[in-house]
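Chemist: I would like the atomic coordinates for the input below:
(one chain, ligands or ions: 1)
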Amino acid sequence: MGPFWTFILLYPEIFLAIICFFWFSLFRLIRQRQKSNLPVNWPVFGMLPFLVQNLHYIHDKVADVLREAGCTFMVSGPWFLNMNFLITCDPATVNHCFNANFKNYPKGSEFAEMFDILGDGLLVADSESWEYQRRMAMYIFAARTFRSFAMSTIARKTGSVLLPYLDHMAKFGSEVELEGVFMRFSLDVTYSTVFAADLDCLSVSSPIPVFGQATKEAEEAVLFRHVVPPSVWKLLRLLNVGTEKKLANAKVVIDQFIYEEIAKRKAQASDGLQGDILSMYMKWSIHESAHKQKDERFLRDTAVGFIFAGKDLIAVTLTWFFYMMCKHPHVEARILQELKGLQSSTWPGDLHVFEWDTLRSAIYLQAALLETLRLFPATPFEEKEALVDDVLPNGTKVSRNTRIIFSLYAMGRIEGIWGKDCMEFKPERWVSKSGRLRHEPSYKFLSFNTGPRSCLGKELSLSNMKIIVASIIHNFKVELVDGHEVMPQSSVILHTQNGMMVRLKRRDAA
Ligand code: HEM
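Modeler: Modelled structure (predicted):
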């Protein structure tokens, strides 16, 4: 007889007690699960089964959990894997971590390692390096040369690339996957804004260019790093296999493009520098004696950072905006009304593009964009790590190194934050009685971040998006293809799960 059976025969009461303990625990967990939206904390696996089971609807499920838990909830990962984290959508906690105690919540070295494709750039830097880079970037974003270069680039690209492409699709009555179009266009525009060079991503016939493909693969690998334990992706990196191999290859392609652009620019006379981001950073050396900005790696990290900061976020916001237009025709009608009488320039094919200056008065249009970002924040969550032990405003204790995930997606969908109609798409909530844009504190509307690390491209991207959506709405009617379901993907960027299939019609042909 083996030791197991000997133990049972000698101590049957202890064995019975163990069985009863496990049976009652299981029973309690099942009852608990039936009654609430909150994930069950299983022995050994923690809440992993909940995450796996709801992987396809994770943003909505997290919103349900936070609604029930009162905005803050501790998630337990499997035992020994160091995957526990706090998740919250509480504006007071946001304000505490992003503003009042900013220094206690840096991005952290783990974040920088996950996004190592960005090098030591602004998006991942902390402390002095971040302060220096932030100061420099603020100077550039405030410069008139840069702003007018960026605005003229977007208007030119909308008239010469985007609208003709959509017009072509409209003429043939083809179905169009709109998010894919916006992704390519946004990459095209961002590349031009950073390098004053054309990538031509939106040609009717050609496939996505290698640079675009490389950025896509890099993003997929970074997403994978977010969902598996760090030991797993680090092992894959060491062995150079799977997503890590793809990431390494993508980095080679991205670096090759960027270093070539830097070399071309360095070969130009300094009076040939334009208002693009690379030129602006190279001109900075005139103002500062530090040698850092001339360093090629610094320029590379800066350029990659700006490309990654902007391109997908604008593309997904445009996609959700047009999804909302398809679902709320009365909002689209009001925007069309607002655009009537505003001056636009005419491009070949009788296509019309609005300029930024003329769109300043389009308040309702801007409100519709903000409302889109409230319900569909381009980055559905943000992440921080506590540097020292702390107590959150709701009394929750966090110990050093605790990871905190902020669900921006849930924040837009909580009654206590936005009122009973929080799930409705209502641009009117952004317009004051006097017809001006209503201000909402950024720790409540977190889509562009809040505090010292808030988005530097906010004004620029809102202006860009206004030009694009006004020009599309004015020229085309966008209709969802029947039966095509649009839903959010479980990802670090709020892509759609299956794209957004639409048909376009020229308004003047109707
Ligand atoms: C719809 C468009 C955009 C949205 C929703 C958005 C949102 C955000 C968010 C949430 C952050 C914080 C990221 C983090 O801390 O992890 C951020 C940071 C940043 N964004 Fe944007 N962004 C957009 C477009 C842009 C564009 C077009 C640019 C520039 C070309 C830009 C430049 C930056 C920079 C430089 C930072 C880093 C600031 C810092 O860490 O100090 N963004 N943005």
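
Chemist: got the buried residues for stretch 352-365?
Modeler: For stretch 352-365, a neighbour-count test (16 or more other CB atoms under 10 Å) marks 352-356, 358-359, 362-365 as buried. (Each C-beta comes from the backbone N, C-alpha and C, glycine too.)

Chemist: wait, doesn't I473 sit right on C326?
Modeler: No: contact criterion CB atoms under 8 Å: I473 and C326 do not qualify, at 11.5 Å.

Chemist: quick one, which of these two is more surrounded?
Modeler: Legend: neighbour count by other CB atoms under 10 Å for I473 and C326, higher for I473 (23 against 17).

Chemist: Report all helices and strands that the helix or strand containing that one contacts.
Modeler: I473 is part of helix 458-475, with elements assigned from DSSP states H and E. Applying 3 or more CB pairs under 8 Å, 6 or more residues apart in numbering; DSSP states H and E, we find helix 458-475 packed against helix 144-157, helix 163-172, helix 296-327, helix 329-339, strand 351-354, helix 356-359, helix 363-375.

Chemist: with the buried residues of stretch 352-365 in mind, which one is nearest to A143?
Modeler: W356 (16.0 Å; CB to CB).

Chemist: how about the closest one, what does it touch?
Modeler: 151, 155, 463, 466-467 (CB atoms under 8 Å, 6 or more residues apart in numbering).

Chemist: how close does it get to K466?
Modeler: 7 Å (CB to CB, to the nearest Å).

Chemist: Leaving out sequence neighbours, find the closest residue to F98.
Modeler: Nearest residue to F98 in three dimensions, chain neighbours excluded: G451, at 3.9 Å (CB to CB, 6 or more residues apart in numbering).

Chemist: ok, now how distant is that neighbour from the ligand?
Modeler: To the ligand, G451 is 9 Å away according to CB to the nearest ligand atom, to the nearest Å.

Chemist: Would you confirm that that residue contacts Y105?
Modeler: No: the pair G451 / Y105 is not scored as a contact, 9.4 Å apart, by CB under 8 Å.

Chemist: Name the residues contacting each of these two.
Modeler: The contact sets of G451 and Y105 overlap at F98 (CB under 8 Å, 6+ apart).

Chemist: Those two: who's more crowded?
Modeler: Y105 (22 against 17).

Chemist: element containing I58, please.
Modeler: helix 58-69.

Chemist: Mind listing what's buried along that helix?
Modeler: Within helix 58-69, the residues that count as buried by 16+ other CB under 10 Å are 58-67, 69.

Chemist: Any residues of the stretch 101-250 of the chain in contact with the ligand? List them.
Modeler: 122-123, 134, 137 (CB under 6 Å from any ligand atom).

Chemist: give me the residue from the stretch 51-200 of the chain nearest the ligand.
Modeler: Residue nearest to the ligand within the stretch 51-200 of the chain: R134 (4.7 Å; CB to the nearest ligand atom).

Chemist: What are the buried residues along the helix or strand that contains that residue?
Modeler: Per DSSP H and E, R134 falls inside helix 127-142. For helix 127-142, burial by neighbour count (16+ other CB under 10 Å) applies to 130, 132-133, 136-137, 140-141.

Chemist: Likewise for stretch 241-249?
Modeler: Buried-residue list, stretch 241-249, by 16+ other CB under 10 Å: 243-244, 246-247.

Chemist: Identify the residues contacting E385.
Modeler: 105-108, 110-111, 401-404.

Chemist: I'd like to know which of those are part of helices.
Modeler: Secondary structure from DSSP state H places 110-111 of the contacts of E385 in helices.

Chemist: Now the buried members of the contacts of E385.
Modeler: Judged by 16+ other CB under 10 Å, buried ones among the contacts of E385: 105-108, 111, 402-404.

Chemist: Among the residues you listed, show me the least confident.
Modeler: In terms of pLDDT, G108 ranks lowest among the buried ones among the contacts of E385, with 79.

Chemist: List the beta-bridge partners for the spatially closest residue to that one that is not a sequence neighbour.
Modeler: In this structure, G108 finds its nearest non-sequential neighbour in E385, 3.9 Å apart by CB to CB, 6+ apart. Beta-bridge partners of E385, counted by DSSP bridges, are R403.
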